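Participant: Just to be clear, the model below is a prediction. Sequence and coordinates:
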Amino acid sequence: MTATHGADSEVGRLRTVMLHRPGLELKRLTPRNNDKLLFDGIPWVARAQEEHDAFAEALRARDVEVLYLTDLLTETLETPEARDIAIATALADLDLGDTMRGYLDGFLHAAPPAELTGYLTAGIRNDEVRGGFGLVTSLLAHDDFLVDPLPNLLFTRDSSVWVHDRIAITSLAMPARKRESQLTELIYSLHPRFADSPRIHGHHFEHVEGGDVLLLAPRVIAVGVGERTTPAGVERLARQVFEASLADTVLAVPIAQERATMHLDTVCTMVDVDKVVMYPNVAHNLTAYAVTHDGRTDDGTLILHVADAEPFLVAAARAMGIDTLHQIDTGLDPVTAEREQWDDGNNTLALAPRVAVAYERNDETNARLEDAGIEVVRIAGSELGSGRGGPRCMSCPISRDPLV
Ligand SMILES: NC(=[NH2+])NCCC[C@H](N)C(=O)O
């Protein structure tokens, strides 16, 4: 692979990553809105920022280039075209009424790029507006949002994902996250750094979230199907990656439709070219449907073949062309395993084969990873973890070395 941007695996040496440093949007969380905004508590924002800065530093210390989503967005918003699209898409989605919509349209257009980034990410509360007064402002509560904040931007893995040299703009399932991929779509369409990068999928298509997409090996992709990614979403993604010749096999992997297992990467991540760390309580019943393609219908549509369900590790190894995809034997008792899974113990970010970033709190899982020869780069996540996401969720690899 010669592209400057892109990734063909989960473990090729990480060169460039996109993160989002948590900011004002986290200060919008209250005990009344945190469930709807998909947080399990109210994070201490200053500490969350410290933890995140340490995460970014750990990556830089390993020569990984760290890009911040808000910097990319602000740079994108320098052009009037980008501002028009950003404002029109954001406002079109909101339940505002014409008086407020008209006011906000003018207000947002007048804001300089960095400020506009702030409004698009942290939102605007009813008690913060200085105009557009009318029925909407009178009847909404003072702390209702006119523009919703996006606290889950922190989890950059979900709102876009590189597949080889293409960027897939995802389509997020939960209402609280829907606007996130409008922003990533804007960045990848109009930021000069990504000008020539071909895109697939889009925020208006069937739901696919990046946390469900695992690049098992060059040309083999596993996609979790559960609370977030839908069966139709995987089918759409499979057709696109086959059409663009980015993969030969897509494995659709059913996962329980529960908060604890919202994405495939909450139960399984790769730590080496042939090793995964997997939540032991699901390891034995995780299955996969291998999807391949062969020929076209008369109208040119690809004909997909869907194999019967098989154990995930078996189907994955076959598609990857290896004898065995090893599961690190964490040997944890079910209760410890459940606790550490909840705290994202299985949600590791590989910096290279056998080097993975993990939350320090998951002592047992980390010790077993080390026993298996994996170098564990530990980071703190006491506050970051309240959004239920670990190192993998908080990072979107933009460039990884190809596996040779
Ligand atoms: N790739 C992941 N596992 N992302 C975690 C996302 C967590 C986020 N609060 C949500 O519910 O959407």
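Facilitator: Yep, it's here.
Participant: For stretch 177-197, give me every contacting residue.
Facilitator: Defining contact as CB atoms under 8 Å, 6 or more residues apart in numbering, one finds that stretch 177-197 is touched by 5, 38, 69, 72-73, 75-76, 79, 81-82, 85-86, 89-90, 93, 120-121, 148, 150, 152-153, 158-160, 165-167, 169-172, 199, 202-203. Every residue, glycine included, has its C-beta placed from N, CA and C.
Participant: Give me the buried subset of these.
Facilitator: Burial by neighbour count, 16 or more other CB atoms under 10 Å: within the contacts of stretch 177-197 this picks out 5, 38, 69, 72-73, 75-76, 82, 85-86, 89-90, 120-121, 148, 150, 152-153, 158-160, 165-167, 169-172, 202-203.
Participant: Sort out for me which of those are in strands.
Facilitator: Cross-referencing these against strands under DSSP state E gives 160, 166-167, 169.
Participant: with the residues you listed in mind, which one is nearest to the ligand?
Facilitator: Ranked by distance to the ligand (CB to the nearest ligand atom), these are led by S160 at 11.9 Å.
Participant: shouldn't the closest one be in contact with S171?
Facilitator: No. The criterion here is CB atoms under 8 Å, and S160 misses it with S171 at 10.8 Å.
Participant: Contact partners for C396?
Facilitator: With CB under 8 Å, 6+ apart, C396 has these contacts: 17-19, 156-157, 159-162, 210.
Participant: and it, what pLDDT?
Facilitator: Per-residue pLDDT puts C396 at 98.
Participant: Would you check how far apart it and the ligand are?
Facilitator: 10 Å (CB to the nearest ligand atom, to the nearest Å).
Participant: contacts for the helix or strand E50 falls within?
Facilitator: In this assignment (DSSP states H and E), E50 forms part of helix 45-61. By CB under 8 Å, 6+ apart, the list of residues contacting helix 45-61 from outside reads 14, 17, 19, 21-23, 26-27, 66, 154, 351, 357, 377, 379-384, 386, 391, 394-395.
Participant: What is the least confident helix or strand in this structure?
Facilitator: Taking mean pLDDT, DSSP states H and E as the measure, the helix or strand of the chain with the lowest value is helix 280-283, at a mean of 88.
Participant: Just the CA coordinates for that one, please, in PDB.
Facilitator: This file holds the C-alpha atoms of helix 280-283, laid out as PDB (Å, rounded to 0.1, in the frame of the first residue of the first chain):
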ATOM      1  CA  PRO A 280     -13.900 -14.600  27.700                       C
ATOM      2  CA  ASN A 281     -17.600 -14.600  28.500                       C
ATOM      3  CA  VAL A 282     -18.500 -14.300  24.800                       C
ATOM      4  CA  ALA A 283     -15.500 -15.900  23.200                       C
END
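Participant: contact partners of that helix?
Facilitator: The contact list for helix 280-283 (CB under 8 Å, 6+ apart) reads 255-256, 261, 267, 327, 330-332, 334, 337-338, 341.
Participant: redo that, cut-off 7 Å
Facilitator: 267, 327, 330, 332, 334, 337-338 (CB atoms under 7 Å, 6 or more residues apart in numbering).
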